[in-house]
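> pasting the sequence and the predicted model now:
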Amino acid sequence: MMLNDYLERLGMSPGGFAGRAGVARGTVMHLLAGGGCGATAARKIIAATLGVVTLEDLAGPEPVEALEDAAEQGEE
């Protein structure tokens, strides 16, 4: 589930979610505007949503697939 859908479904503000997840409000706003975030913020957001928002939801399918392809080929 996309983060904006998650927040809307719970009626939660970006700032309220940021505090709950332990990330900066700016990070949440950046994600809602279509941007990305770092691995630490992604882990915190996934944990705060109990996995409802996934890495693919945060990064999009192409970056996740590229990482998986690189791992399969032994690249890091």
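Ah, there it is.
> below-threshold pLDDT in the protein: ranges please.
Low-confidence segments of the chain (pLDDT under 70): 60-71, 74-76.
> hey, where'd the helices end up in it?
With DSSP state H as the criterion, the chain has helices at 3-10, 14-21, 25-32, 39-48, 55-59, 61-72.
> could I get these as a markdown table with mean neighbour count?
For glycine as for every other residue, the C-beta is placed from the backbone atoms N, C-alpha and C. As requested, the helices of the chain are exported to a markdown table (neighbours: other C-beta atoms under 10 Å):
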| stretch | mean neighbour count |
| --- | --- |
| helix 3-10 | 14 |
| helix 14-21 | 17 |
| helix 25-32 | 17 |
| helix 39-48 | 16 |
| helix 55-59 | 17 |
| helix 61-72 | 11 |
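> could you report the neighbour count for residue 38?
Neighbours of residue 38 under the rule other C-beta atoms under 10 Å: 10.
> quick check on it: phi, psi?
Note on residue 38: backbone dihedrals following degrees, to the nearest 10 are phi -80, psi 170.
> mind checking how far it is from residue 27?
From residue 38 across to residue 27, the span is 8 Å (C-beta to C-beta, to the nearest Å).
> what do you get for residue 41?
Applying C-beta to C-beta to residue 41 and residue 27 gives a distance of 5 Å.
> and if you look at residue 54?
From residue 54 across to residue 27, the span is 17 Å (C-beta to C-beta).
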